[in-house]
Structures are given as structure tokens and as C-alpha cells.
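Novice: Quick one, structure for this:
(one chain, ligands or ions: 2)
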Amino acid sequence: MEEEQVILVNELDQQIGLIVTISRKAHFNAAHRLYRKDWTFEQNDAVFGKCNNPNFHGHNYELIVSVTGEINQETGFVMDVKFLADIIKVEVEDQFDHKNLNLDVPEFQDLNPTAENIVVVIWNKIRKKIKSELDLEVVLYETPRNFVTYKGE
Ligand SMILES: Nc1nc2c(c(=O)[nH]1)N=C([C@H](O)[C@H](O)COP(=O)(O)OP(=O)(O)OP(=O)(O)O)CN2
Ligand SMILES: [Zn+2]
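Specialist: Ligands and ions are numbered 1, 2, ... in the order given. Here you go, the predicted structure:
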């Protein structure tokens, strides 16, 4: 019995200082139009092509949110993934899902909703809700073949 306890303590000791990444997937469906308000239709057409359709078009966005940090010795968590899921729901899904990004989402009133700009907006919203000692990375798939990554660097 005593021998078992010693082994257990040693195993726990080995976890100290280990850095682990936890990830949570999410998705939202949204419409957008890529264009600049200060350009003519022709200028926008030349740069953004079919994405400049004035009647908008939509994507099934997929998200992978990753948090990296030290394992808490008491809980065994980097952070509770349920807590991360709740942050994503409130900060991203509730704000973006089934919305027109250009018309419905304040962050894109004057910001072109490209995948690059969307991932930075999402990162900033989630960053505010995560402990400062944890690192955050967000990967956003706009289509199954097009995706962007932002780590705040
Ligand atoms: N750098 C970026 N380029 C493009 C973005 C972007 O956000 N950043 N966005 C678009 C459009 O939103 C467009 O709707 C993307 O769709 P599409 O070109 O149809 O992408 P697919 O992966 O479905 O296309 P395939 O070529 O059939 O693989 C364009 N560019
Ligand atoms: Zn698009």
C-alpha cells in the first residue's frame, strides 16, 4: 500500500510544468460580401470578383480554438473545455451564426469580412475571456479548402 502511494506521488510530480494544448471545434453559418465602400463597383469587382456580389453569399465556417498552458496540478486541466465551449458560444456562435456579417455584426460595419479579418476579430473576442498566462490560437475554415490561422503575434 505504501509503495503504491509513493509511485502515485512520483507520477504526479512528473506532470509539473508540462505544457499542453487543448482544442475545441465550433461552427457558424454566415453571409458576407467582400468589398470596400470607398471603391467603385469595378474596382471591387477586379479585386474581389464573385465575392463582391452585392446580394452576398454564404459559408459554413468551421473554427478550431486552441488554448495552450500548464496543466493545473489540482484539476488536471489547462482550462475546463466546457468553459472554453461556453466562451465560443457567447462570443462567436451567438454573434455570427445565421447572420449577415456586413449588415448584422458591428465589428464588420467598416471592416471587410475576409477570413483574415474574421479570425482576428474572433481571436480578440476570445482573448479577453481567457487567463493571460494561457496562449490562444484560432484556425478558421471559410471553405473545406481555405483556412486561416491567428495566434496574436
Ligand atoms: N485571402 C483571402 N482570399 C479570399 C477570401 C478570404 O477571405 N481571404 N475569401 C474569398 C471568398 O469569401 C470566397 O467566397 C471563397 O470561396 P471560393 O473561392 O469559392 O472557395 P472554395 O474553396 O469553395 O473554392 P475552390 O476554388 O472551388 O476550391 C475568396 N478569396
Ligand atoms: Zn466568401
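
Novice: make it CA atoms for all contacts and neighbour counts henceforth
Specialist: Noted.

Novice: ok, which residues in this protein are in contact with ligand 1?
Specialist: Cys51, Thr114, Ala115, Glu116, Thr143, Arg145, Asn146 (CA under 6 Å from any ligand atom).

Novice: Among these, which one has the most neighbours?
Specialist: Ala115 (20 neighbours; other CA atoms under 10 Å).

Novice: Could you report the separation of that residue from Asp86?
Specialist: 23 Å (CA to CA, to the nearest Å).

Novice: what do you get for Arg36?
Specialist: 33 Å.

Novice: Low-confidence bits of the protein, can you list those?
Specialist: Residues of the chain that meet the criterion pLDDT under 70 lie in 1-14.

Novice: Which parts of it are strands?
Specialist: 19-32, 57-70, 99-100, 135-141, 147-150 (DSSP state E).

Novice: Mean neighbour count added to the ones you listed, as JSON lines?
Specialist: Output for the strands of the chain, formatted as JSON lines (neighbours: other CA atoms under 10 Å):
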{"stretch": "strand 19-32", "mean neighbour count": "16"}
{"stretch": "strand 57-70", "mean neighbour count": "18"}
{"stretch": "strand 99-100", "mean neighbour count": "18"}
{"stretch": "strand 135-141", "mean neighbour count": "21"}
{"stretch": "strand 147-150", "mean neighbour count": "17"}
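
Novice: follow-up on the earlier one: looking at Arg36 and Asp86, which one has more neighbours?
Specialist: Arg36 (16 against 12).

Novice: can you give me phi and psi for that one?
Specialist: Dihedral pair for Arg36: phi -110, psi 130, per degrees, to the nearest 10.

Novice: and it, what does it touch?
Specialist: By CA atoms under 8 Å, 6 or more residues apart in numbering, the residues touching Arg36 are Asn44, Asn112.

Novice: which residues touch the residue nearest to Ile19 when sequence neighbours are not counted?
Specialist: Spatial nearest neighbour of Ile19, excluding adjacent residues (CA to CA, 6 or more residues apart in numbering): Glu70 at 4.5 Å. By CA under 8 Å, 6+ apart, Glu70 lies in contact with Ile16, Gly17, Leu18, Ile19, Val20, Val78.
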